[in-house]
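# here is my input; please provide its structure:
(chains A, B, C and D)
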There are 2 protein chains.
Amino acid sequence: MDVRTICLGILSRGDATGYEIKKLFDDDGYQHFVEASFGSIYPALSRLTQEGLVSVRSEIQEKRPDRKVYSITEAGRKAFLGSLLKPLPEDRHRSPFVFAMLFSHLIPHPRVVEMLDTYIEQSETKLAQLMEPKPQPLPEGERFVTGFGRAVYIAMVNYLRQYRAELKGDAAEAAE
Amino acid sequence: MDVRTICLGILSRGDATGYEIKKLFDDDGYQHFVEASFGSIYPALSRLTQEGLVSVRSEIQEKRPDRKVYSITEAGRKAFLGSLLKPLPEDRHRSPFVFAMLFSHLIPHPRVVEMLDTYIEQSETKLAQLMEPKPQPLPEGERFVTGFGRAVYIAMVNYLRQYRAELKGDAAEAAE
DNA sequence: ACCCATCTATATTGGTCCGATATAGATCGG
DNA sequence: CCGATCTATATCGGACCAATATAGATGGGT
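Prediction:
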């Protein structure tokens, strides 16, 4: 799912600036499955504008650079729908933490514990965000995605906490 | 975690060609958390060689292009260890499926069902691979990662199957 | 016995995307 | 009142991927 399609999707829910598009995914709990950087969003919006899939209006502000508000066009909606009907690219999950843990036998024990604790904390933060009550009624799509995220992060946190607890046991035994 | 570090990590377990490095992650059940393409692996290996972090020997084969077998050097091991001690980059999980489901209200119902079924099947395949018995004894790192993968995919499949079942109910009711 | 598909193996290229950085006024808590 | 953070847009180098090219080996099917 390229950044162009992501932008079209968000704009299909309402007008937004490039900044707002980024923020939506950073703050709204979907960032665990979709993200994009400014360095890809701004060029994508320019190209979409050239192609007529979105339109821009510059809200001129005094003493501020113009706010460029993007709207999706009819052609844009069709293009977005089209890409939802095509076979979807596969998920891609890259986890430096998991990769590093493959080599835990090479890493000093305190550092392994630190890595685990850091990752557990990050995961718990994300889970807490996903558990926040959402404004009702929630659109069906968001209900599904929130539930999915919760299920995945709960499983992750459970496994990590259990592993961490066993590690603690090991350390205590070693210290005796 | 950049491709250079990934290559160093794999080579720390034993010599390999670029092709074998790619295959290790495609086949061995870790591809759900780490992957890299040929287009990044081969350049990475060249650069690592230039920098003296790995060495190459060309096994000359009759009637075949040379097999370039890479070995990690002492400097390479140190560099790898160093990158495991630095703060790890955050996970990145991009799921076109999850993104598409956010817009399920725009998508014809049969297509939503198809998307779900495809994703469920893919997830079950990956889970089945993770459930395969591994050769014992398993290094601690791999034991952790396999367990982690299993926990995550089991949670995913459970949630997806339940959601799919509810959907089936909806369809039946609608058909009445 | 033969053919086709798949596998092993290396490599390149175009294009996408990210991370860092630059700029600059607004807003807000201490 | 000052520094930190926020809003907002933009660019650039570099990392990375998908597709493609090449070419001999291997193995299953008929």
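# can you pull the contacts of A:F99?
By Cβ atoms under 8 Å, 6 or more residues apart in numbering or on different chains, the contact set of A:F99 is B:M1, B:I6, B:G9, B:Y30, B:F33, B:V34. Just so you know, the C-beta spots here come from the backbone N, C-alpha and C atoms, and that holds for glycine as well.
# how much space separates it from B:D91?
In this view, A:F99 and B:D91 are 10 Å apart by Cβ to Cβ, to the nearest Å.
# again with A:G147
20 Å.
# how about A:F144, secondary structure?
Per DSSP: H, G, I helix; E, B strand; the rest coil, the local secondary structure of A:F144 is helix.
# distance check, the nearest residue to it once chain neighbours are set aside against A:G14.
Spatial nearest neighbour of A:F144, excluding adjacent residues (Cβ to Cβ, 6 or more residues apart in numbering or on different chains): B:M101 at 5.3 Å. According to Cβ to Cβ, B:M101 stands 19 Å off from A:G14.
# who has more neighbours, these two?
Legend: neighbour count by other Cβ atoms under 10 Å in any protein chain shown for B:M101 and A:G14, higher for B:M101 (25 against 9).
# now do the phi/psi pair for A:A16.
When read as degrees, to the nearest 10, the backbone of A:A16 gives phi -160, psi 160.
# please apply the same query to A:S55.
phi -120, psi 160.
# what does A:Q136 give?
Given degrees, to the nearest 10, the pair of backbone angles that A:Q136 has is phi -100, psi 150.
# show me the contacts for the residue nearest to A:F144.
Counting by Cβ under 8 Å, 6+ apart, B:M101 touches A:G141, A:F144, A:V145, A:F148, B:V112, B:M115.
# can I get the residues you listed in CSV including distance to B:S40, neighbour count and pLDDT?
Compiled in CSV, the contacts of B:M101 are given as follows (distance: Cβ to Cβ, whole Å; neighbours: other Cβ atoms under 10 Å in any protein chain shown; pLDDT from 0 to 100):
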residue, distance to B:S40, neighbour count, pLDDT
A:G141, 34, 19, 92
A:F144, 34, 21, 94
A:V145, 30, 25, 93
A:F148, 30, 22, 95
B:V112, 35, 21, 95
B:M115, 29, 20, 94
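# can I get the residues you listed in a markdown table with distance to DNA strand D?
Converted to a markdown table, the contacts of B:M101 look like this (distance: Cβ to the nearest atom of the strand, whole Å):
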| residue | distance to DNA strand D |
| --- | --- |
| A:G141 | 24 |
| A:F144 | 25 |
| A:V145 | 22 |
| A:F148 | 22 |
| B:V112 | 24 |
| B:M115 | 19 |
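# wait, A:L84 sits on B:S104?
No - using Cβ atoms under 8 Å, A:L84 makes no contact with B:S104, being 9.2 Å away.
# can you pull the contacts of the residue nearest to A:D91 when sequence neighbours are not counted?
Ranked by Cβ to Cβ, 6+ apart and with sequence neighbours excluded, the top spatial neighbour of A:D91 is B:S95, at 4.5 Å. Contact analysis of B:S95 by Cβ under 8 Å, 6+ apart lists A:F33, A:V34, A:D91, A:R92, A:H93.
# state the distance from B:S95 to B:T118.
From B:S95 to B:T118 the distance is 13 Å (Cβ to Cβ).
# now swap in A:L11 and tell me
A:L11 is 26 Å from B:T118, by Cβ to Cβ.
# and if you look at A:P135?
Taking Cβ to Cβ, one finds A:P135 at 31 Å from B:T118.
# and if you look at A:L160?
Remark: distance between A:L160 and B:T118 (Cβ to Cβ) = 29 Å.
# what is the neighbour count of the residue in chain A that DNA strand C sits nearest to?
Using Cβ to the nearest atom of the strand, the single residue of chain A nearest to DNA strand C is A:G39, 2.2 Å away. A:G39 has 9 neighbours, counted by other Cβ under 10 Å.
# I'd assumed it was in a helix, is it?
Yes - according to three-state DSSP, the state of A:G39 is that of a helix.
# neighbour-wise, which of A:P135 and B:T118 wins?
The neighbour count for A:P135 versus B:T118, taken as other Cβ under 10 Å, is higher for B:T118 (13 against 6).
# identify the residues contacting the helix or strand containing A:Y19?
Taking DSSP states H and E as the definition, A:Y19 sits inside helix A:18-27. Under the criterion Cβ under 8 Å, 6+ apart, residues A:6-7, A:10-11, A:16, A:30-31, A:34-38, A:41-42, A:45, A:68, A:70 lie in contact with helix A:18-27.
# spatially nearest residue to the spatially most central residue of chain A (excluding sequence neighbours)?
Compute the mean C-alpha point of chain A, and by Cα atoms, centre = their mean the closest residue is A:Q31, 1.5 Å away. In this structure, A:Q31 finds its nearest non-sequential neighbour in A:F25, 5.0 Å apart by Cβ to Cβ, 6+ apart.
# also A:E59?
A:R67 (4.3 Å).
# my read: that neighbour touches A:T17, true?
Yes - counting by Cβ under 8 Å, A:T17 is a contact partner of A:R67 at 5.8 Å.
# looking at those two, which is more packed in?
Higher neighbour count among A:R67 and A:T17: A:T17, with 17 against 14, using other Cβ under 10 Å.
# domain ranges for chain A?
A:3-85, A:96-175 (automatic domain parsing).
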